[in-house]
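1. from the sequence below, what's the structure:
(chains A, B, C and D)
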Protein chains: 2
Amino acid sequence: MLQSVTTLQQILFDLSGILPADAQPLFSVTRPAQLAANAVYIPEGDRSKKLAFIEKGIIRAYRVKDNGDEATLFLRWEGQFAASHDTIIHSRPSRFIYRALEDTSLLEIDYDVLETVLKAHTEYEPLRNFFLMKMLAESLDLIETFVTLSPEERYRRLVKDKFDIVNRVPDKYIASMLGITPVSLSRIRKRIHARGQH
Amino acid sequence: MLQSVTTLQQILFDLSGILPADAQPLFSVTRPAQLAANAVYIPEGDRSKKLAFIEKGIIRAYRVKDNGDEATLFLRWEGQFAASHDTIIHSRPSRFIYRALEDTSLLEIDYDVLETVLKAHTEYEPLRNFFLMKMLAESLDLIETFVTLSPEERYRRLVKDKFDIVNRVPDKYIASMLGITPVSLSRIRKRIHARGQH
DNA sequence: AGCATTAATTAACCTTTGTTAACCGCTACT
DNA sequence: AGTAGCGGTTAACAAAGGTTAATTAATGCT
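-> Next up is the predicted model:
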C-alpha cells in the first residue's frame, strides 16, 4: 500500500469520519506512477487532466517565456498535488511544463474520473475542498510575499520556511520563483553570508 | 431581488441545472449588506467568517506591515467574493483589513452557516467548487506575473486587463499590489507616456 | 468658496537588480 | 583521462527601484 493512499485516507477520515474501507470507490480509480529525474510529466500544450499526488520527489511547473527564458511558477513536493490548472480549471492546453526534478513517485488520477466519483460519492467532496483551500491559502501567502517583501527578504523567508526544499533544488529555479535572476540570487547569498546571516 | 442572487442562481443552474426555486435553502440564509466608502468590513484580528459576494463596489484587502506601511494584497469587485482566508481556511484571526474603497453593496453569508447548508444540500457544492477554482486560477495567474514580468510590465498588463478597476482605485494601492512604491509607479507612468504607450 | 488633507509627481541620492560576459568547479559522457 | 555542458559566481556597466523630502494637484469638508 502506497504511503500516499494512507495519507489521503487519514485526511479523509479526519475531515469526514470516512473509514479507509469506505474510501475504496475513490482509491480504486487511482494508480501509482513513476517519473525519472528530469522527466516531463505534462508537456506544454498538453490537454490531459491528470492529477498527481506526490508520494516522493519534486515537480517543477515552469513556462518558456517569449525571450526563451524559463520562468518557474512553483514547485510541488511530497504530500502536495500537481496538475495543469490551465487544463482542469479552464479546459485550455497547458501553458506550463511540469517536470520532475528528482526521481518522483506519484499517485495519479484522471480529473474527469475523479469528477464522476465525486458526483456518485459526495461524501468524498471535503477532500477536494480541503486541498483546493490549502492551495488557495498557499497561493495567497505567496502573493503576500511578493507584495510585502524584497527579493532578499523573500529568499531569506524561503530558506527559513522550506530549507529542505531549497537544498534539493538548483538555485536558478529558486531565483526564478523569487522573480529574480540567478545572478541576483548569487549576490543576495553573498550579501547574507557577508553579514553573517542575521 | 438583488442582482447578486440572480447571478449566483444562474451560475448554479449552469453548473448543475438547479432551478432558482430549488436554491431557496441556500439564498434564504444570505442577507444584503451595505458599506460606505472607506468603511471597514473586516478589521485586523477579527475572527468572523463572513463571506461577501460583491454586488457593487470594491473591497481592498491590506495588511499593515511592521514598519507601518500598508501592503495591499488584492482588490475584489463586482461578481467576486471577499472573505478572510486566514479565518475561513485556518481559523486564525485575520491578518488583513478588508475595507470598502467605494460605497459597496454585498450579499453576505456566514461561512459556518454555508457549511451547514452545503452538508444538507450537496447539490449546491459545485458553486463553492467553482469559485474556489476560479480564485485559485486567478491567484496562480497573479503569481505568474510576479515571476515573469517586471514591475512596468505588470502595470501595463493590469491597465490592459483591468482598465476600469485601475481607474477606480488610487494609484498608491495599485503600486502596492504591484509590489512597488507609489514613487516608482509614478516614474513608470511617466516612462510609458514619454514612449507613447506602445 | 476656502482651507486642510490626501494623492501624485518630481528631484536627488543610494541601493539593488538586469544584462552580458568571463571564469571556475563539478558532473556526465564517451 | 579528456572534454563538453551546466550551475554558480564574479565583474562591469546600465537601468530600475527605494528613500526622503519638497512641490504640485486633487479631494474632501465645513
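2. how about the residues of chain A near chain B?
-> A:63, A:65, A:71-74, A:85, A:88-90, A:122, A:125, A:128-129, A:132-137, A:139-140, A:142-144, A:146-148, A:176-177, A:179 (CB under 8 Å from any CB of the partner chain). The C-beta positions use only the backbone N, C-alpha and C, and glycine is treated the same way.
3. name only those of those residues that count as buried.
-> A:63, A:71-74, A:85, A:88-89, A:125, A:128-129, A:132-133, A:135-137, A:139-140, A:142-144, A:146-148, A:176-177, A:179 (16 or more other CB atoms under 10 Å in any protein chain shown).
4. so which of the residues you listed sit within strands?
-> A:63, A:71-74 (DSSP state E).
5. center of chain A, which residue is that?
-> A:R76 (2.6 Å; CA atoms, centre = their mean).
6. and the host helix or strand of A:E153 with DNA strand C, contact?
-> Counting by DSSP states H and E, the element that carries A:E153 is helix A:151-161. Yes. Applying CB under 7 Å from any atom of the strand, one finds that helix A:151-161 is in contact with DNA strand C at A:151-152.
7. residues contacting A:Y111?
-> Residues in contact with A:Y111 (CB atoms under 8 Å, 6 or more residues apart in numbering or on different chains) are A:49-51, A:83, A:88.
8. nearest to chain B among those residues?
-> Distance to chain B across these (CB to the nearest CB) is lowest for A:I88, with 7.9 Å.
9. my guess is the closest one contacts A:A52. True?
-> No. Counting by CB atoms under 8 Å, A:A52 is not a contact partner of A:I88; they are 11.6 Å apart.
10. any idea of the pLDDT on A:F53?
-> A:F53 is assigned a predicted lDDT (pLDDT) of 98.
11. state the mean pLDDT of the helix holding A:E153.
-> On average, helix A:151-161 scores 98.
12. can you tell if whichever strand or helix holds A:S184 touches DNA strand C?
-> Using DSSP H and E, A:S184 sits in helix A:182-194. Yes. Under the criterion of CB under 7 Å from any atom of the strand, DNA strand C is reached by helix A:182-194 at A:183-184, A:187-188, A:191.
13. returning to that earlier point: show me what contacts the residue nearest to the centre of chain A?
-> A:54, A:58-59, A:61, A:82.
14. list the residues that contact the closest residue to A:F130 other than its chain neighbours.
-> Nearest residue to A:F130 in three dimensions, chain neighbours excluded: A:L15, at 5.9 Å (CB to CB, 6 or more residues apart in numbering or on different chains). Residues near A:L15 by CB under 8 Å, 6+ apart: A:126-127, A:130.
15. so of these, which ones are in helices?
-> Among these, the ones falling in helices (DSSP state H) are A:126-127, A:130.
16. buried ones among these?
-> For the ones in helices among the contacts of A:L15, buried by 16+ other CB under 10 Å: A:126-127, A:130.
17. what segments of chain A are helices?
-> A:3-16, A:24-27, A:85-90, A:111-120, A:125-148, A:151-161, A:163-168, A:171-178, A:182-194.
18. can you tell if the longest one touches DNA strand C?
-> No. Using CB under 7 Å from any atom of the strand as the criterion, no contacts between helix A:125-148 and DNA strand C are found, and the smallest distance is 12.4 Å.
19. what packs against that helix?
-> helix A:3-16, helix A:111-120, helix A:151-161, strand B:70-76, helix B:85-90, helix B:125-148 (3 or more CB pairs under 8 Å, 6 or more residues apart in numbering or on different chains; DSSP states H and E).
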